[in-house]
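*Asks:* quick one, fold the following:
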Amino acid sequence: MRESLPGNLLIAQSGGPTAVINSSVSGVVAEAKRHSQIQGIYGAVNGILGVLNEELVDLRQEDPITIEKLRRTPSAALGSSRYKLNENDYARVMEVLKAHKISYLVFAGGNDSMDTAHQVAGLASEKGYDLNVMGIPKTIDNDLLGTDHCPGYGSVARFNSIAVRDAGLDNDAIYTSDSVKIVETMGRDSGWVVASTALGKSGEDSAPHLIYLPERPFVRSKFLDDVKAVHDRLKRAVVCVCEGLKDEKGEFVKASAKQIDMDRFGHAQLGGVGDYLVNLISSNLGIKARCDRPGTIQRVSITCVSEIDLDEAYLVGQVAISKAVEGESDKMVALLRKSSDPYKCETGLVGLSEVALKTRKVPDESIDKNSNYVTDAFLTYARPLIGGPLPEYASLRRRMVEKLLPDHSQR
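*Replies:* Below is the predicted model:
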């Protein structure tokens with residue numbers, strides 16, 4: 001651990017926006033103002049691109065009320081990007097950091113962002129430039145190693161649990177016309193997001209009825225058997241899948257055979273699995289199906305934000321600065337769970353090298369043995385993160401009036 005450095009602070013947001021990443025920025029700024037060592041407080045416009053383009057905003061010039069309001073403002077107020085640094089970029093990054101006397105650099109993002117932070121920390125050390133670099137975990141995918149969970153996940157879990165519960169009520173009402181509903185969530189490499197839809201299930205026959213995670217291979221024949229079994233029993237079914245679902249060959253399940261676009265980090269830009277499954281059900285089971293796809297709104301909506309998620313996002317921003325001032329560098333703030341009931345979580349640090357470019361999968365014990373749902377172990381893990389009970393709904397008793405006429409067959 002190095003001594004604290006006098007100088008300026010720069011924060012960058014990277015990757016997909018979330019409902020709570022701005023809360024982390026608010027925490028960073030609030031904590032930075034408490035330390036005399038930190039003079040200028042800057043924000044990079046559009047993440048690492050803002051560093052390369054020397055597009056920095058002065059966060060000390062913002063109204064304190066605005067900074068406080070960031071705690072409940074969704075998306076990425078500084079702007080974000082998915083730019084992967086190449087060998088020619090690193091010299092420019094160091095040039096900008098030196099020009100603006102940056103002594104503290106904070107990245108809020110996922111595993112690719114933690115890799116960028118790690119590379120910059122290593123380069124600064126190699127060049128003998130005093131720079132404390134800290135990572136703030138941020139990803140709805142919830143797949144960073146070294147932390148119990150990631151800010152952003154609790155809110156997307158709450159959004160999807162409510163959305164799927166609502167989709168189930170829609171399915172209950174109109175199953176005579178639309179029997180099967182496929183809900184396609186985000187989630188490229190892991191099934192944390194789609195698994196969270198189970199948190200909205202209120203009874204044995206309520207939605208979701210089936211959940212498929214990319215941690216288990218998708219088997220077409222078994223899927224059709226699963227859907228048929230639920231439909232035979234209930235005359236309806238709500239099935240949740242994620243965009244990263246893969247088949248037995250390890251290939252993405254998708255609606256067409258066309259080339260999948262790739263981002264700068266070589267990650268597939270996915271989508272279309274829901275449409276594929278709709279056609280699969282219609283063609284093989286003769287059952288009408290349709291697909292609901294929340295899209296990017298699920299990761300950023302503040303409507304269903306988890307209060308715990310908001311508070312923890314703010315906390316990791318504060319801790320990133322306090323630890324950086326203490327001399328920590330090349331680390332990411334981690335959330336460490338102490339108990340689930342009652343829920344208690346503390347913070348710690350993990351080396352960026354242990355997080356960068358690595359993916360934490362949903363553990364095997366959280367996935368049902370039939371590979372079409374989650375277990376109680378997952379529910380125990382995830383339920384505290386969504387910030388309290390879901391809204392209560394009414395359910396009619398439906399006590400039937402005695403029939404007075406002969407049976408009438410519906411034509």
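
*Asks:* domains of this protein?
*Replies:* The chain resolves into domains spanning 7-139+305-354, 153-302+361-386 when parsed by automatic domain parsing.

*Asks:* bridging residues for residue 136?
*Replies:* Bridge pairing for residue 136 (DSSP bridges) gives the partners residue 108.

*Asks:* quick one: contacts for it?
*Replies:* Applying CB atoms under 8 Å, 6 or more residues apart in numbering to residue 136 gives the contacts 24, 28, 106-109, 151, 316-317, 320, 332-333. No exception for glycine: its C-beta is placed from N, CA and C like everyone else's.

*Asks:* for it, give me the pLDDT.
*Replies:* The per-residue pLDDT reported for residue 136 equals 98.

*Asks:* got it, and residue 272?
*Replies:* 87.

*Asks:* count the neighbours of it for me.
*Replies:* For residue 272, the neighbour count with other CB atoms under 10 Å is 18.

*Asks:* got it, and the one 3 residues further on?
*Replies:* The number of residues packed around residue 275, counting by other CB under 10 Å, is 17.

*Asks:* what's the answer for residue 79, then?
*Replies:* Residue 79 has 18 neighbours, counted by other CB under 10 Å.

*Asks:* picking that back up, between the domains of the chain, which one is closest to residue 402.
*Replies:* Smallest distance to residue 402 across the domains of the chain (CB to CB): 22.5 Å, for domain 153-302+361-386.

*Asks:* separation between residue 119 and residue 110?
*Replies:* 15 Å (CB to CB, to the nearest Å).

*Asks:* now swap in residue 229 and tell me
*Replies:* Distance from residue 229 to residue 110, by CB to CB: 37 Å.

*Asks:* the more surrounded of the two?
*Replies:* Shown here are residue 229 and residue 110; by other CB under 10 Å, residue 110 has more neighbours (27 against 14).

*Asks:* contacts only, for the residue most central in space within the chain.
*Replies:* With distances taken as CA atoms, centre = their mean, the residue of the chain nearest its centroid is residue 140 (0.7 Å). The contact partners of residue 140, taken as CB under 8 Å, 6+ apart, are 16, 18, 150, 152-153, 155-156, 186, 193, 298-299.

*Asks:* my guess is residue 183 contacts residue 242, does it?
*Replies:* No - Residue 183 lies out of contact with residue 242 (CB atoms under 8 Å); the separation is 9.7 Å.

*Asks:* pLDDT below threshold where in this structure?
*Replies:* Applying pLDDT under 70 to the chain flags the ranges 1-4, 255-271, 409-411.

*Asks:* show me the helices in the stretch 301-411 of the chain, by range?
*Replies:* For the stretch 301-411 of the chain, the helices defined by DSSP state H, counting those that start in this stretch cover 307-325, 376-382.

*Asks:* pick the most buried one from those helices.
*Replies:* Among these, the stretch with the highest mean neighbour count (mean count of other CB atoms under 10 Å) is helix 307-325, at a mean of 24.

*Asks:* so which elements touch that one?
*Replies:* Helices and strands touching helix 307-325, by 3 or more CB pairs under 8 Å, 6 or more residues apart in numbering; DSSP states H and E, are helix 21-32, strand 102-109, strand 132-137, helix 153-174, strand 331-340, strand 343-351.

*Asks:* right, and the ones you listed - which one's nearest residue 308?
*Replies:* Using CB to CB, those put helix 153-174 closest to residue 308, at 5.7 Å.

*Asks:* report the two of the contacts of residue 140 separated the most.
*Replies:* The largest separation in these, counting by CB to CB, is between 150 and 298 at 15.0 Å.

*Asks:* for those two, indicate the residue with more neighbours.
*Replies:* Taking neighbours as other CB under 10 Å, residue 150 and residue 298 compare with residue 150 leading, 29 against 20.

*Asks:* residues contacting that one?
*Replies:* Residues counted as contacts of residue 150 (CB under 8 Å, 6+ apart) are 110, 137-144, 335.

*Asks:* how about the residues you listed in JSON lines, adding distance to residue 373?
*Replies:* As requested, the contacts of residue 150 are exported to JSON lines (distance: CB to CB, whole Å):
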{"residue": "110", "distance to residue 373": "27"}
{"residue": "137", "distance to residue 373": "27"}
{"residue": "138", "distance to residue 373": "28"}
{"residue": "139", "distance to residue 373": "24"}
{"residue": "140", "distance to residue 373": "21"}
{"residue": "141", "distance to residue 373": "20"}
{"residue": "142", "distance to residue 373": "18"}
{"residue": "143", "distance to residue 373": "20"}
{"residue": "144", "distance to residue 373": "25"}
{"residue": "335", "distance to residue 373": "26"}
